[in-house]
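> Here's my sequence, what's the structure:
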Amino acid sequence: LALGWAGWKMYVGRPDTSNPRCDSMAVVGKALDSSGRHEEALSVFEATLALRRRHWSHDEAGMLRAEMSLAVCLHHLKRFDEALALNRAVYAKRVAIYGVSHEDTILSGVNLTASLFVLKLFAEGKFFLRNEMLPVVRRSLGADHEHTLGINQNLAYALMKDSERTSDDLLEASDIIMDVLDRRRRVFGPAHPGTRLAEGLAVRLHSEIRAFSENAARQRAARKNPY
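Have a look, this model is predicted:
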């Protein structure tokens, strides 16, 4: 945060049309957001985006960065519907400008998925991951890339958390997470944070499968012996 403020002090006296001044505002906003000062960060991000719209609307990359930062901040403030709408817009624009395989587009897709999940829109999230994200990252990045593994992990999570899940969904999720876990251990090692996260999800998933099976057995028994 101190470095962000130091950068801002270097450029604060410049006119609104100064690009370094606008960039330094964005740095301050990110520092505030990462420090948990989300309300203050929101004001900075909104001001930065307004400046970009006024003076650099032709700079599509800069505009999208500003919009993505604002969406992340809105998510932190639990303004999830607004974050989702902005993440949808940013993803669509990046697809149109850069194509589906560009890393910035993929990262926007990950942010969009997070917005869908926090609002429990798991059916849409599963469709998006299966049909848009995974074919792209497998083709462009390979099966062992961090993004590919993370997106597979997200699909397993969505299959597990969907209220309409079936036993087949849970078994598919188990297959996915075990494959992810094997790849993470081989590529990144057992101590890597991503590997530990996958291990935790695998434990939760196996517990969910056991509970689902026990509940299904109780329901079958109740139907056989209604009284």
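
> For the rest of this, base every contact and every neighbour count on C-alpha atoms.
Noted.

> Just the mean pLDDT for the helix ranked longest in the chain, thanks.
When the chain is parsed with DSSP state H, its longest helix is helix 193-224. Averaged over helix 193-224, pLDDT sits at 89.

> counting contacts, what elements does it pack onto?
helix 146-161, helix 167-187 (3 or more CA pairs under 8 Å, 6 or more residues apart in numbering; DSSP states H and E).

> what's next to the longest one, contact-wise?
When you say that, I think you mean helix 167-187. 144, 149, 152-153, 155-157, 159-160, 190, 194-195, 198-199, 201-202, 205-206, 208-209, 212-213 (CA atoms under 8 Å, 6 or more residues apart in numbering).

> Among those residues, name the buried ones.
For those, a neighbour count by 16 or more other CA atoms under 10 Å gives the buried set as 144, 149, 152-153, 155-157, 159-160, 194-195, 198-199, 201-202, 205-206, 209, 212.

> Tell me which helix or strand comes right after the helix or strand bottoming out on mean pLDDT in the chain.
Ranked by mean pLDDT, DSSP states H and E, the weakest helix or strand in the chain is helix 2-11, scoring a mean of 45. Per DSSP states H and E, the first helix or strand lying C-terminal to helix 2-11 is helix 19-34.

> Where does the prediction get shaky in this structure?
1-22, 226-227 (pLDDT under 70).

> Go again with 90.
Within the chain, the segments meeting pLDDT under 90 span 1-31, 34, 47-48, 50-59, 61-62, 212-227.

> Point to the residue nearest the middle of it.
The chain has N111 as the residue nearest its centroid, 3.1 Å off, counting by CA atoms, centre = their mean.

> What is the subsequent helix or strand relative to the host helix or strand of it?
N111 belongs to helix 103-118 when assigned by DSSP H and E. As assigned by DSSP H and E, the chain's next helix or strand after helix 103-118 is helix 122-128.

> following that next one, which helix or strand comes up?
helix 134-140.

> And that next one, what does it pack against?
helix 146-161.

> got the angle for the helix it packs on vs helix 193-224?
20 degrees (axes from the mean of the first three to the mean of the last three CA atoms, to 10 degrees).

> How about residues contacting helix 146-161?
Against helix 146-161 from outside (CA under 8 Å, 6+ apart): 110, 117, 122-123, 125-126, 129-130, 133-134, 137-138, 141-143, 165, 169-170, 172-174, 176-177, 180, 184, 198, 201, 205, 208.

> do stretch 85-103 as well
64, 67-68, 71, 104-106, 108-109, 111-112, 115, 136-137, 140.

> who's in contact with L119?
Per CA under 8 Å, 6+ apart, neighbours of L119: 80-81.

> Phi and psi next, for it.
L119 has phi and psi values of phi -90, psi 10 when expressed as degrees, to the nearest 10.

> got it, and K120?
Dihedral angles (degrees, to the nearest 10) for K120: phi 60, psi 30.

> do you know how far the spatially closest residue to it that is not a sequence neighbour is from F212?
Take K120 and drop its neighbours on the chain: the residue closest to it by CA to CA, 6 or more residues apart in numbering is D162, 7.6 Å away. Separation of D162 from F212 (CA to CA, to the nearest Å): 13 Å.

> Alpha carbons only: can I get stretch 81-94 in CSV?
Below are the C-alpha coordinates for stretch 81-94, written out as CSV (Å, rounded to 0.1, in the frame of the first residue of the first chain):
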residue,chain,number,x,y,z
ASP,A,81,-25.0,-9.4,-8.8
GLU,A,82,-23.1,-6.3,-10.0
ALA,A,83,-19.9,-8.3,-10.1
LEU,A,84,-21.5,-11.0,-12.2
ALA,A,85,-22.9,-8.5,-14.7
LEU,A,86,-19.5,-6.8,-15.1
ASN,A,87,-17.6,-10.1,-15.3
ARG,A,88,-20.0,-11.2,-18.1
ALA,A,89,-19.4,-8.0,-20.0
VAL,A,90,-15.6,-8.2,-19.6
TYR,A,91,-15.5,-11.8,-20.7
ALA,A,92,-17.6,-11.2,-23.8
LYS,A,93,-15.5,-8.2,-24.8
ARG,A,94,-12.2,-10.1,-24.4
